[in-house]
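Chemist: have a look at this prediction, sequence included:
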Amino acid sequence: MLNKKFDPAMAINSVAEISAERGINPNINDSATFCFPYGQTMTDTFHGETEGYFLYSRHWNPSNLSLCKALAAMEGTEAAWVTGSGMGAITSALLQCVQKGDHIVASMTVYGGTFAFLNNYVKKFGIEVTFVDTTNLEQVKAAIKPNTKVVYTETMSNPLLRISNIGELRKLSDTVGARLIVDNTFTPMIFSPYVLGAHVVVYSMTKFVNGKNDCVAGAICADGEFINSLIDVNDGTAMLLGPVLDSFRSTSILKNLYTLHIRMQQHSRNALYLAKRFNDIGIKANYPGLPEHRDHQLMNQQMNAGFGYGGMIAIDLDTAEKANKFMEKMQEKGVGYLAVSLGYFRTLFSCSGKSTSSELPDEIQKEMGMSEGLVRYSVGLDNDMEATFKVIEASLRELKYI
Ligand SMILES: *Cc1c(COP(=O)(O)O)cnc(C)c1O
């Protein structure tokens, strides 16, 4: 398809700044406000961009700008803007696109917080939302209305790891001039949604992008016009709701971004190994890197080369009780942590139905094909996954699950 030659890692690598004192990392700038040489420069900056000048840190600051340049390069977008959480990015991007009376078509398997925002919160602004299975293009087509302003999906869904066809969703969005917003949190570098056709790409950088689980953060990547509209001093959602990322965090995330490609490769390698080994011992693993996963071909068509199929896998242990016992056992034996979230250097596991997808009503969980005993892994960067698997296997044997 479109983006076989797009290399997000090399794109980031081409963004190199040398600080004024010749430090190889950009300086940390912790100023909330910035001074101007002339009154007129300040006036001009209030009315829009004045190259090289910063107004106030909620709007822009040098540290956030450095991170945003690298993120924009990674996504192939003109611009980016960073937020204090993934939800800050998602809610700002969404609210920027809609007003009273508008309609949103959204994936019913979106992240729990996003689902709650769309299902419960936006109602009070008179915004209507239809939830569909975005992997079913007929359903998306049928849900789109003349007043649809946004089609919202995740490239890889949680926890069943279904893949959205971004190019086709763009075509459907275009029929009514809606914006396609894609959450790419699970698959940075692996997918480049903007290159594939999305208008706006959002991230929770809390996960793989930062990869250290030492902060929450988010990003919005899009064309310059959209990013500028978000931070417009008169009516920009991000400027007025104020979810900006702290500049100390920006500089630490920026450094982690330069190792993201190596981390994604190792997360993917370990997840593929684990998925295969689970299958070998008769535990069905859900992983899009396996040919039997129903979106394997679609993933092959859209993915960038060289980063694998991602670090997430899910197995089904039928009941929540069995899942809990197994996770406790794995934690005890040092496989990783019984914790929500993902993209950490160590393995994290949780029972999706009772945790990260608990905002989804039971009917939707059923319709998605989600079992209550589903254990989701965010596979870590273990150097010897075979050794780790032996411990996982021993845990299953001790509990007499195999
Ligand atoms: C974690 C997550 C979010 C929310 O991000 P925060 O940084 O926790 O606000 C949004 N989307 C996906 C897919 C996530 O995994």
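Modeler: The structure has been received and is ready for your questions.

Chemist: what's the nearest residue to residue 17 if we skip its chain neighbours?
Modeler: Taking CB to CB, 6 or more residues apart in numbering, and ignoring the residues beside it in sequence, residue 17 has residue 26 as its nearest neighbour in space, at 4.9 Å. Where you see a C-beta, it was placed from the backbone N, CA and C, and this is true even at glycine.

Chemist: checking that neighbour next. Helix, strand or coil?
Modeler: Applying DSSP: H, G, I helix; E, B strand; the rest coil to residue 26 yields a three-state assignment of coil.

Chemist: count of neighbours near it?
Modeler: When neighbours are counted by other CB atoms under 10 Å, residue 26 registers 22.

Chemist: where does residue 2 land on pLDDT?
Modeler: pLDDT, residue 2: 46.

Chemist: oh sorry, the question was meant for residue 189
Modeler: Reading off the per-residue confidence, residue 189 sits at a pLDDT of 98.

Chemist: wait, isn't it in contact with residue 6?
Modeler: No. Taking CB atoms under 8 Å as the contact criterion, residue 189 and residue 6 are not neighbours in contact, 9.9 Å apart.

Chemist: and residue 150, that's in a strand?
Modeler: Yes. Inclusion of residue 150 in a strand is indicated when three-state DSSP is applied.

Chemist: OK, contacts around it?
Modeler: For residue 150, the residues meeting the contact criterion (CB atoms under 8 Å, 6 or more residues apart in numbering) are 94, 97, 98, 102, 104, 105, 106, 178, 179, 180, 181.

Chemist: my read: the fourth one touches residue 127, true?
Modeler: Which is residue 102. Yes. Shown here, residue 102 and residue 127 form a contact pair, counting by CB under 8 Å, at 5.6 Å.

Chemist: so residue 262 is in which element?
Modeler: When elements are defined using DSSP states H and E, residue 262 is found to belong to helix 260-280.

Chemist: put the alpha carbons of stretch 232-247 into CSV.
Modeler: Below are the C-alpha coordinates for stretch 232-247, written out as CSV (Å, rounded to 0.1, in the frame of the first residue of the first chain):
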residue,chain,number,x,y,z
ASP,A,232,-5.9,29.8,19.0
VAL,A,233,-6.1,32.2,21.9
ASN,A,234,-9.7,33.0,21.2
ASP,A,235,-11.3,29.7,20.5
GLY,A,236,-8.7,26.9,20.6
THR,A,237,-9.8,23.9,22.8
ALA,A,238,-6.2,23.2,23.9
MET,A,239,-5.5,26.8,24.7
LEU,A,240,-8.7,27.4,26.6
LEU,A,241,-9.0,24.0,28.4
GLY,A,242,-5.3,24.1,29.1
PRO,A,243,-4.1,20.4,29.1
VAL,A,244,-0.5,21.4,28.2
LEU,A,245,2.4,19.0,29.0
ASP,A,246,5.0,20.2,31.5
SER,A,247,8.3,21.1,29.8
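
Chemist: residues contacting residue 287?
Modeler: Neighbour list for residue 287: 161, 271, 272, 275, 293, 309, 312, 313, 314 [criterion: CB under 8 Å, 6+ apart].

Chemist: check residue 307 too.
Modeler: With contacts defined as CB under 8 Å, 6+ apart, the neighbours of residue 307 are 189, 190, 261, 264, 265, 268.

Chemist: doesn't residue 309 make contact with the fifth one?
Modeler: Yep, that's residue 265 we're talking about. No. The pair residue 265 / residue 309 is not scored as a contact, 10.9 Å apart, by CB under 8 Å.

Chemist: okay, these two: which has more neighbours?
Modeler: Legend: neighbour count by other CB under 10 Å for residue 265 and residue 309, higher for residue 309 (26 against 18).

Chemist: what about the more buried one, which helix or strand?
Modeler: Per DSSP H and E, residue 309 falls between elements, in no helix or strand.

Chemist: low-confidence ranges, the protein, go.
Modeler: Counting by pLDDT under 70, the chain contains low-confidence residues at 1-4, 48-49.

Chemist: residue of it closest to the ligand, please.
Modeler: When you check the chain against the ligand by CB to the nearest ligand atom, the closest residue turns out to be residue 86, at 2.2 Å.

Chemist: in contact with that residue: list those residues for me.
Modeler: With CB under 8 Å, 6+ apart as the criterion, the residues that contact residue 86 are 111, 113, 183, 185, 202-207, 216-218.

Chemist: one more pass at 6 Å, please.
Modeler: Residues counted as contacts of residue 86 (CB atoms under 6 Å, 6 or more residues apart in numbering) are 204, 206, 218.

Chemist: most neighbours of all those, which one?
Modeler: Of all the contacts of residue 86, the highest neighbour tally under other CB under 10 Å goes to residue 204, namely 29 neighbours.

Chemist: nearest residue to it other than its sequence neighbours?
Modeler: Excluding the flanking residues, the one nearest residue 204 by CB to CB, 6+ apart is residue 86, at 2.5 Å.

Chemist: over to residue 217?
Modeler: Nearest residue to residue 217 in three dimensions, chain neighbours excluded: residue 205, at 4.1 Å (CB to CB, 6+ apart).

Chemist: and what of residue 238?
Modeler: For residue 238, the nearest residue in space outside its immediate sequence neighbours is residue 230; the separation is 4.2 Å by CB to CB, 6+ apart.

Chemist: now that neighbour: how far from residue 89?
Modeler: 10 Å (CB to CB, to the nearest Å).

Chemist: also residue 147?
Modeler: In this structure, residue 147 lies at 24 Å from residue 89, with CB to CB as the measure.

Chemist: domains for the chain, by residue range?
Modeler: Described in terms of the TED database, the domain architecture of the chain consists of the residue ranges 8-254, 264-399.

Chemist: please enumerate the helices of the stretch 51-200 of the chain.
Modeler: In the stretch 51-200 of the chain, the helices defined using DSSP state H, counting those that start in this stretch lie at 62-75, 86-97, 112-116, 137-143, 166-174, 193-196.

Chemist: in JSON lines: these, plus distance to residue 211.
Modeler: Written out in JSON lines, the entries for the helices of the stretch 51-200 of the chain read as follows (distance: least, CB to CB, whole Å):
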{"stretch": "helix 62-75", "distance to residue 211": "14"}
{"stretch": "helix 86-97", "distance to residue 211": "14"}
{"stretch": "helix 112-116", "distance to residue 211": "20"}
{"stretch": "helix 137-143", "distance to residue 211": "32"}
{"stretch": "helix 166-174", "distance to residue 211": "24"}
{"stretch": "helix 193-196", "distance to residue 211": "20"}
